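> the amino acid sequence is not available; the structure is as follows:
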């Protein structure tokens, strides 16, 4: 498991979801959090957006 220190930025997202997005799309943790928040924590939509 990875430990991220993101402070307030990651307050409303699951770090497990962030880690999964990073592993699937190779994006940064900041981008994963941004897209996850934009998609209302919809994991599938977030991965699709970053993969497209």
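Everything's here; your move. Bear in mind that the values here come from a model prediction, so they are computed numbers and not experimental data.
> so how far is stretch 27-47 from its chain's centroid?
Here the centre of stretch 27-47 is set off from its chain's centre by 4 Å, with C-alpha atoms, centre = their mean, to the nearest Å.
> next, the buried residues of it.
When neighbours are counted by 16 or more other C-beta atoms under 10 Å, the buried residues of stretch 27-47 are found to be 27, 29, 32-36, 39, 43, 46-47. To be clear about C-beta, it is placed using only N, CA and C from the backbone, and glycine gets the same treatment.
> where in this protein is pLDDT low?
Residues of the chain meeting the criterion pLDDT under 70: 1-11.
> the helices in it, which residues?
Counting by DSSP state H, one finds helices in the chain at the ranges 15-25, 29-38, 43-51.
> my guess is residue 41 meets residue 13, correct?
Yes - assessed by C-beta atoms under 8 Å, residue 41 is found in contact with residue 13 at 6.2 Å.
> re the thing from before, farthest-separated two in the buried residues of stretch 27-47?
The largest distance within the buried residues of stretch 27-47, taken as C-beta to C-beta, falls between 29 and 39 and amounts to 15.9 Å.
> contact partners of stretch 30-37?
Judged by C-beta atoms under 8 Å, 6 or more residues apart in numbering, the contacts made with stretch 30-37 from elsewhere in the structure are 6, 9-10, 12-13, 17-18, 21-22, 25, 27, 42-43, 46, 49-50.
> can you pick the most crowded of these?
Among the contacts of stretch 30-37, residue 46 has the most neighbours (other C-beta atoms under 10 Å), with 28 neighbours.
> quick one: residues contacting residue 27.
Residue 27 sits next to 21, 35, 50 when contact means C-beta under 8 Å, 6+ apart.
> for it, phi and psi?
Main-chain dihedrals, residue 27, degrees, to the nearest 10: phi -90, psi 170.
> cool, residue 26 as well?
For residue 26, the backbone dihedrals (degrees, to the nearest 10) come out as phi 60, psi 30.
> just give the number of residues close to it.
The criterion is other C-beta under 10 Å. On that basis, residue 26 has 9 neighbouring residues.
> next: residue 24.
Neighbouring residues of residue 24 were enumerated by other C-beta under 10 Å; the total is 14.
> spatially, what comes nearest to residue 14 if we skip its sequence neighbours?
Counting by C-beta to C-beta, 6 or more residues apart in numbering, residue 41 is the residue found nearest to residue 14 once chain neighbours are left out, at 7.2 Å.
> with that, I have no additional questions.
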